[in-house]
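1. using only what follows, build the 3D model:
(one chain, ligands or ions: 1)
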Amino acid sequence: MTRMLDISGVHTYYGRIQALKGVDLTVEKGEIVTLIGANGAGKSTLLMTICGRPRASAGKIVYDGEDITHKPTYEIVRHGIAQSPEGRRIFSRMTVLENLQMGATTGDPANFDGDLERVFTLFPRLKQRQTQRSGTMSGGEQQMLAIGRALMSRPRLLLLDEPSLGLAPLVVKQIFEVIKEINEQQGVTVFLVEQNAYHALKLAHRGYVMKTGEITMRGSGRELLANKEVRAAYLEGG
Ligand code: ATP
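-> From the prediction side, this is the model:
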């Protein structure tokens, strides 16, 4: 297996608050890796630290053999990492098509039509709604747009922050199916942060559990799903 992402001993602070306390985590090429954990555990901070905002104050982040710990965010994106942030952050006054165009600004303009078609194949709904103002779409459609926009930069590593947040169960199922398709059919490696532990671990090849800024457990998706502690803390009643 080829290592795509190697995070070692990463510490991140917000002022005096320490959000990450020496995180070690790896993602192999072609994998779906899930990070689960309670509110405030530091999951989003880890995703953002990979992209260089905020910066790790200690430790190392290596992507595809290259140390990106101190690289500016635009360069990290250019290297093939794209993030779909928590809360989606789509440009709600813009149309669907305009949002997708924004995502393409880091890619090669010559590829635009093909990339757009690829996103429309994954999300036929976005094709139908090209001219709709994105803020007027449903939560699920907006999530599809956020993922579609991230794909427009042709990432090799896709970072997803809580794609299921606030969505109805049926829509959650659809979103996870598409994530699987992106991974299997388009060969994109996926690192996924989720509170919806059941679906996320079911989908994942491997998973990690984070608690107050530290990784407390790791294993295959199946192992973690069957683990008593994981079940009690993140699955039962949830
Ligand atoms: P959630 O699922 O609620 O988003 P999370 O696991 O993603 O939780 P983070 O958002 O990474 O957790 O937060 C980790 C810690 O860092 C929390 O204690 C949070 O209050 C703190 N934190 C996050 N962002 C900031 C910020 N901009 N300024 C100060 N503290 C922050």
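2. residues contacting the nearest residue to T95 once chain neighbours are set aside?
-> For T95, the nearest residue in space outside its immediate sequence neighbours is T131; the separation is 5.3 Å by C-beta to C-beta, 6 or more residues apart in numbering. Yep, even glycine has a C-beta here, placed from its N, CA and C like the rest. T131 is in contact with 95-97, counting by C-beta atoms under 8 Å, 6 or more residues apart in numbering.
3. could I get those residues as TSV with pLDDT, distance to Q185 and secondary structure?
-> Below are the contacts of T131 laid out as TSV (pLDDT from 0 to 100; distance: C-beta to C-beta, whole Å; DSSP: H, G, I helix; E, B strand; the rest coil):
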residue	pLDDT	distance to Q185	secondary structure
T95	95	27	strand
V96	95	22	helix
L97	95	23	helix
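4. which of those lies closest to the ligand?
-> Proximity of the contacts of T131 to the ligand (C-beta to the nearest ligand atom) peaks at V96, which lies at 26.1 Å.
5. which residues touch the most centrally placed residue in the chain?
-> Closest to where the C-alpha atoms of the chain average out (C-alpha atoms, centre = their mean) is L160, at 1.5 Å. L160 makes contacts with 83-84, 147, 150, 179, 190-193, as judged by C-beta under 8 Å, 6+ apart.
6. hey, what's it bridged with?
-> Under the criterion DSSP bridges, L160 forms beta bridges with S84, L192.
7. how close does it sit to the ligand?
-> L160 sits 12 Å away from the ligand, going by C-beta to the nearest ligand atom, to the nearest Å.
8. and the helices in the chain?
-> 43-50, 73-78, 96-103, 112-122, 124-128, 139-151, 169-186, 197-203, 221-226, 228-230 (DSSP state H).
9. low-confidence bits of the chain, can you list those?
-> 87, 105-107, 237-238 (pLDDT under 70).
10. how about the residues of it near the ligand?
-> 14, 17, 19, 37, 39-45, 86, 195 (C-beta under 6 Å from any ligand atom).
11. I'd say N39 and M210 touch.
-> No. The criterion here is C-beta atoms under 8 Å, and N39 misses it with M210 at 11.3 Å.
12. out of those two, which sits in the busier spot?
-> M210 (22 against 6; other C-beta atoms under 10 Å).
13. what is the burial count for the nearest residue to that one once chain neighbours are set aside?
-> Among residues not flanking M210 along the chain, G37 sits closest, at 3.7 Å (C-beta to C-beta, 6+ apart). Each residue near G37 was counted by other C-beta under 10 Å, and the total is 25.
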